[in-house]
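One predicted model, sequence on top.
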Protein chains: 2
Amino acid sequence: MNSSTPPQSRQPRSESFVHPFLEAAHGRAPARPPVWIMRQAGRYLPDYRRVRKLFPSFLDFCRSPEHVAEVTVQPVDQIGVDAAILFSDILVLLPPMGLNLEFVEGEGPVVHNPIRDAAAIEALPGGDVNVDLNYVFQGIQLTLRDLAGYVPLIGFAGGPFTVASYMVEGGSSKELAKLKGLMFSNPKAYHMLLEKLATITGAYLCEQIRQGVDAVTIMDSWAGYLSPSDYREFVFPHTRSVIAHVRSQFPKTPLIHYANGAPTLLGDFVNLGADVVGLDWRVELPQAFKEHPAQTFQGNLDPCYLFAPPEKIVAKVHEMKAIAGNRPHIWNLGHGILPTTPVENARAFVQAVHGEI
Amino acid sequence: MNSSTPPQSRQPRSESFVHPFLEAAHGRAPARPPVWIMRQAGRYLPDYRRVRKLFPSFLDFCRSPEHVAEVTVQPVDQIGVDAAILFSDILVLLPPMGLNLEFVEGEGPVVHNPIRDAAAIEALPGGDVNVDLNYVFQGIQLTLRDLAGYVPLIGFAGGPFTVASYMVEGGSSKELAKLKGLMFSNPKAYHMLLEKLATITGAYLCEQIRQGVDAVTIMDSWAGYLSPSDYREFVFPHTRSVIAHVRSQFPKTPLIHYANGAPTLLGDFVNLGADVVGLDWRVELPQAFKEHPAQTFQGNLDPCYLFAPPEKIVAKVHEMKAIAGNRPHIWNLGHGILPTTPVENARAFVQAVHGEI
């Protein structure tokens, strides 16, 4: 379905409508609890898979603004989420930086010319690479047209550490041995890489905001692979510099920080200065709420909980809502929705947050 | 090298010698800091790789007691560790339970007939499967003969949750979606599976002790994939029942518990009742020491730190030793040593702990 004609579910908003997602992201109590799902425009949706099949290459899919808009809007119509997140990938920054990126079926991202030494890092671009990412900005334009203000649109980028991991490892890695090897043996070269990525990432997020996204999120998925002291030395300053740059340009646009598998770093994430801190399911909500009373959080249901029957999902959400009380909170999973998740269970999650079931 | 003739490095111990590893495991201050390395008998050692090549199948290698003894002793001679850990695999329990296990080159363990429903769980054996694991016990005998008391021998088993993950997922998994799906949708069947595994695991560890191992460790590598409340409901009772059973039979044999990626569960691990709690690098040593003054810990250097040059490894170990002070502590990495680790760096780690460099 091309969504330029809104379906019945997307009624025009009244002029006085205030989006619950934006209210909560600004730390104010929303009229009803807002919810979106990481990777909500994705493989668990049959309509997404239909569009995906049109492209032999995943990158070509990301580079087709019409189809980006189509799958970005799908979960708004089909699941009822309160925000759309632009369909794209954190690795779109790599080709403009000179890296030969390919998404290999069944294997994931592969970088055919990984960065392994100081010379390769020095040769990387030091300024923004926005000019090569016009297809992303066109996708934002078309999505905004299709959403027509029904829900806010979230843009995103990877955290410098997470993006660096693919550049150095040459793909996904269970250990990050090469990136950490560089970090521990040649910290100067490592920091140069992260500084360049922080500059590029900050400029990229700012351009997304200029193009009209209503909020941005930084996905630092692999931050939990580090010890707390290594995170503080090797990652925190670079992520903070991205956030500070975006803040200086767009002080009013909500910024979400998300990391996975790092429950002991919660205090550090709060100190990064984002408006919203995403939590994975390893963080205990009552403790997080107690320790950081003024911080808006996002999350944190285990994505595997969506394999339970809907009535158990509903019971679990009600239990979590009782913990959150009237606190501004953005409901989400603790990580991306899994491809084998039943669609009706994703819908049950959203409806339970909304108090509809 | 067959090690029935001890090399020069393994001098006979005097009768009054007290093993630092056992002292620390019993919570007493050892004469010098003891150190061993998870997966120390493994792929980073050229001599291990030579022996490994004799067997097309990894399981056949595990089933050859002479070769098990040979590779178990290698790191004692070549790296200078203070304890040997039996070369084996946590999944040796699976074939006696009727599971068709294969280690596929480049892919890891594959279970060709995974357990997916209550009927399959009911059909699993409910008592011990020790009679089918004689090759393990013969390996223990030959290793003890070769070690000749030079260092203690550690036996091990997987935690019931971690072993169950392979049985249900059919192999390694990044998400544990099938196991968690079973857990959240059919908790009764899930608990039956874990109860059976706890019984089998407890009996297996007891038989290892009967055969002469000096300590045992429970490797619950995937426990960090759960939220704290799910860990407490779905894993803790079963791991505790294994520990309680071993304790009741062998109250004086030190028992180590290790889990990965679960820093917020530290207090729960302490409550399991093991003598030693293994820490991965996500736990901050000063905080762990402060919060649990009476608990002996093991760990917790990031295995990737062994890719730094030896002088940096030495500096890092000295920094960690200053934190530990005179506290009984068992030095180790926070997870298994990685196959690409330079041997001289593993040796530098051990020598730095010993204060030799």
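Okay, I see it.

could you pull out the helices for the stretch 1-150 of chain A?
A:20-25, A:46-52, A:58-62, A:65-78, A:118-122, A:134-147 (DSSP state H, counting those that start in this stretch).

Of these, which is nearest residue A:104?
helix A:58-62 (9.2 Å; C-beta to C-beta). (Glycine included, C-beta is placed from N, CA and C.)

Show me what that closest one is packed up against.
In terms of contacts (3 or more C-beta pairs under 8 Å, 6 or more residues apart in numbering or on different chains; DSSP states H and E), helix A:58-62 is packed against helix A:46-52, helix A:65-78, strand A:101-104.

Quick check: residues of the stretch 201-350 of chain A near chain B?
A:224, A:226-230, A:261-264, A:281-284, A:302-305, A:307-309, A:312, A:334, A:338, A:340 (C-beta under 8 Å from any C-beta of the partner chain).

Indicate the residue of the stretch 1-150 of chain A located nearest to chain B.
residue A:108 (10.5 Å; C-beta to the nearest C-beta).

picking that back up, make JSON lines from the helices and strands packed on helix A:58-62 and add distance to residue B:196 and mean neighbour count to it.
JSON lines is the format used below for these (distance: least, C-beta to C-beta, whole Å; neighbours: other C-beta atoms under 10 Å in any protein chain shown):
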{"stretch": "helix A:46-52", "distance to residue B:196": "38", "mean neighbour count": "15"}
{"stretch": "helix A:65-78", "distance to residue B:196": "40", "mean neighbour count": "23"}
{"stretch": "strand A:101-104", "distance to residue B:196": "39", "mean neighbour count": "16"}
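
Now residue A:253. Its backbone dihedrals?
Here is the backbone geometry of residue A:253 (degrees, to the nearest 10): phi -90, psi 120.

pretty sure residue A:327 contacts residue A:290?
No. Counting by C-beta atoms under 8 Å, residue A:327 stays clear of residue A:290, with 11.0 Å between them.

In terms of neighbours, single out the busier of those two.
When residue A:327 and residue A:290 are compared for neighbours, residue A:327 comes out ahead with 16 against 9, by other C-beta atoms under 10 Å in any protein chain shown.

mind checking the SS state of that one?
Secondary structure, DSSP: H, G, I helix; E, B strand; the rest coil: residue A:327 is coil.

Now it: closest residue in space, sequence neighbours ignored.
residue A:289 (6.4 Å; C-beta to C-beta, 6 or more residues apart in numbering or on different chains).

Which helix or which strand is home to that neighbour?
Assigned by DSSP states H and E, residue A:289 falls within helix A:285-291.

can you tell me the helix or strand for residue A:245?
Assigned by DSSP H and E, residue A:245 falls in helix A:236-249.

which residues are contacting that helix?
A:157, A:159-161, A:191, A:194-195, A:197-199, A:201-203, A:205-206, A:209, A:216, A:218, A:220, A:253, A:255, A:257, A:268, A:271-274 (C-beta atoms under 8 Å, 6 or more residues apart in numbering or on different chains).

Show the buried residues in those.
A:157, A:159-161, A:191, A:194-195, A:197-199, A:201-203, A:205-206, A:209, A:216, A:218, A:220, A:253, A:255, A:257, A:268, A:272, A:274 (16 or more other C-beta atoms under 10 Å in any protein chain shown).
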